[in-house]
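Enquirer: Here is my input, please return the structure:
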Amino acid sequence: MKLAFVIRRDNHYRLLGPAIDRALGRGWNVECWHAADEGFKGDRALERRQRGPRFRRGEPRRREFGADGPGRLIADATPDVAITMYPPGDLARARRVQWLGLQYTLNVGELLDGAGDTPFDGIALHTEHWRRLAADSVRIVNETRGRGGQAVDDAAIAATLQRCATVVGFPEMDQLDPDLIDPPAVRQRLGLDPARPVVVYCPFPFLSNPSTFWTKNIYGPFQADRYMARLVRRLPGVAGAIAGRVRQRLAVSRPARRRYSRDVASGWDDRGVVRALRAFCDANHAVLVVKARAKDPVSGYLRAVADRVLYDSSDYPATILEAMSIASLCVHFFSTVAYEAAYAAVPSVCVTADPDDLGFSPTLRRAFLSTTTGSGFNFPGVTYPLSVAEMVETFAQRLLGDFPLERAARAQYLDKFVGPDDGKASDRLLDMAVSLVEKQSASR
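Expert: Okay, the predicted model is just below:
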């Protein structure tokens, strides 16, 4: 079997790395095709990755393709199957290669269109829940890209997925294997006391979320304009906080914005959440580990109180999964890190805010960013929603034991959103690739 993995961004190794390693272990001919024009949304200096991770079972051949896509590589390498997380673009579906699309949460909406058409011969899903959510995922992609008026045929999408989609689980999670990620070794490398609990905090993603009045002027007042941001960063901590508070008060002085006056007066903002988080860790004798991304650099006031700050220095093993392997609690903002935490048997707190303030599309609010009981961000025994106000006012008085991970609830959560925790999702993905080749051979 000859397999090609299309790596459009280095962080695709986080999801594809385990499958690449397992394919090498099967003795297959494996290639990784990198996009030479990979774009970076953040500070490249924070992306300390080497060019491609090391694998335990061998080394794939690495090639590059340009803006015109991987068409030349297909002609040269002639793989049996090409696996990718995103559509192959304008490339014609050559019969000599089978295209296998791997879902990553909402990107199932990228793998087919509103009419149910797809360039893929097979689509690998996490769970049945995502099959049911596929039509809304297409709507979310359309709304995010300004195509909200486009028609979406739920029945056609369901029919396409019935024909070509298979549930495999979440290949990324296969990394949570002590042979690959050893928690004591992670603690030792980070210089952490082996006896102290760890709280992993994923900060509010200012640069990757919509820019709204609330995010710019209330929750994160220093995002309003570049001049003010530069000025505040140069001021000492206390002076910076004062400047930010003045900026907030000016923003809510207009009649239409006075409904935010209580938020400003109460300190219901990013600084307030950070203070509460530090106080919570102190009260619980816990270490505060901040896991950030290059496109959302950590603020000075958060760095000042964090015990460790981590960026994505590795995708296989993934930095976030290494952090989860030593965590007792994870705190995030409507992040899919909730799935990684649950798989790692770590409870999480989801910090919530008013959907209008966050500025997300209507379908995204309803179908994904929900805090109704049983949703991905409010699942008692697994993940617990707390508003910004609750975080600021009460979190410092809470105990780690107030957010338990319940075994039965975790099993239900994984069954709904993530898939089995048997460490075999990558094998199921590879078995799916084999079945595509066998099906193609039988049809000749």
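
Enquirer: Just give me the residue right at the centre of this protein.
Expert: Thr336 (4.6 Å; Cα atoms, centre = their mean).

Enquirer: Distance of that residue relative to Phe170?
Expert: 10 Å (Cβ to Cβ, to the nearest Å). Just so you know, the C-beta spots here come from the backbone N, C-alpha and C atoms, and that holds for glycine as well.

Enquirer: again, but for Pro347
Expert: Look at Pro347 and Phe170: by Cβ to Cβ, they are 18 Å apart.

Enquirer: swap in Ala433?
Expert: Using Cβ to Cβ, we find Ala433 at a distance of 17 Å from Phe170.

Enquirer: And Tyr301, by the same measure?
Expert: 34 Å.

Enquirer: Those two: which has the busier surroundings?
Expert: More crowded of Tyr301 and Phe170, by other Cβ atoms under 10 Å: Phe170, with 26 against 18.

Enquirer: Tell me the buried residues in the longest helix along the chain?
Expert: The residue-count maximum for a helix in the chain (DSSP state H) belongs to helix 425-442. If you call a residue buried by 16 or more other Cβ atoms under 10 Å, then helix 425-442 has these buried ones: Ala425, Ser426, Asp427, Arg428, Leu429, Leu430, Met432, Ala433, Leu436, Val437, Gln440.

Enquirer: Out of the residues you listed, give me the two with the largest separation.
Expert: Pairwise distances across the buried residues of helix 425-442 peak at 23.3 Å for Ala425 and Gln440 (criterion: Cβ to Cβ).

Enquirer: rewinding a little: touching, the residue nearest to the centre of the chain and Thr105? I think so.
Expert: Yes. Assessed by Cβ atoms under 8 Å, Thr336 is found in contact with Thr105 at 5.2 Å.

Enquirer: Could you list every helix and strand that the longest helix of the chain packs against?
Expert: Counting contacts by 3 or more Cβ pairs under 8 Å, 6 or more residues apart in numbering; DSSP states H and E, helix 425-442 packs against helix 13-25, strand 81-84, strand 98-102, strand 122-125.

Enquirer: TSV for the ones you listed, including distance to Ala411 and mean pLDDT?
Expert: Converted to TSV, the helices and strands packed on helix 425-442 look like this (distance: least, Cβ to Cβ, whole Å; pLDDT from 0 to 100):
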stretch	distance to Ala411	mean pLDDT
helix 13-25	22	97
strand 81-84	29	96
strand 98-102	24	96
strand 122-125	19	98
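
Enquirer: So what would you say the end-to-end distance of stretch 126-146 is?
Expert: 27 Å (Cα to Cα, to the nearest Å).

Enquirer: do the same with stretch 349-367
Expert: With Cα to Cα as the measure, the ends of stretch 349-367 fall 19 Å from one another.

Enquirer: from the chain's centre, how far out does it sit?
Expert: 16 Å (Cα atoms, centre = their mean, to the nearest Å).

Enquirer: Stretch 430-438 now?
Expert: Centroid separation for stretch 430-438 versus its chain: 27 Å, with Cα atoms, centre = their mean.

Enquirer: Please apply the same query to stretch 328-348.
Expert: Per Cα atoms, centre = their mean, the centroid offset for stretch 328-348 relative to its chain is 11 Å.

Enquirer: do the same with stretch 432-444
Expert: Here the centre of stretch 432-444 is set off from its chain's centre by 32 Å, with Cα atoms, centre = their mean.

Enquirer: Alpha carbons of that stretch, as PDB, please.
Expert: Taking Å, rounded to 0.1, in the frame of the first residue of the first chain, the C-alpha atoms of stretch 432-444 are listed here in PDB:
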ATOM      1  CA  MET A 432     -10.700   2.500   5.700                       C
ATOM      2  CA  ALA A 433      -7.900   3.400   3.200                       C
ATOM      3  CA  VAL A 434      -7.500  -0.300   2.500                       C
ATOM      4  CA  SER A 435     -11.200  -0.800   1.900                       C
ATOM      5  CA  LEU A 436     -11.200   2.100  -0.600                       C
ATOM      6  CA  VAL A 437      -8.500   0.500  -2.600                       C
ATOM      7  CA  GLU A 438     -10.200  -2.900  -2.400                       C
ATOM      8  CA  LYS A 439     -13.500  -1.300  -3.500                       C
ATOM      9  CA  GLN A 440     -11.800   0.400  -6.400                       C
ATOM     10  CA  SER A 441     -10.100  -2.900  -7.500                       C
ATOM     11  CA  ALA A 442     -13.400  -4.800  -7.400                       C
ATOM     12  CA  SER A 443     -15.200  -2.200  -9.500                       C
ATOM     13  CA  ARG A 444     -12.600  -2.500 -12.400                       C
END
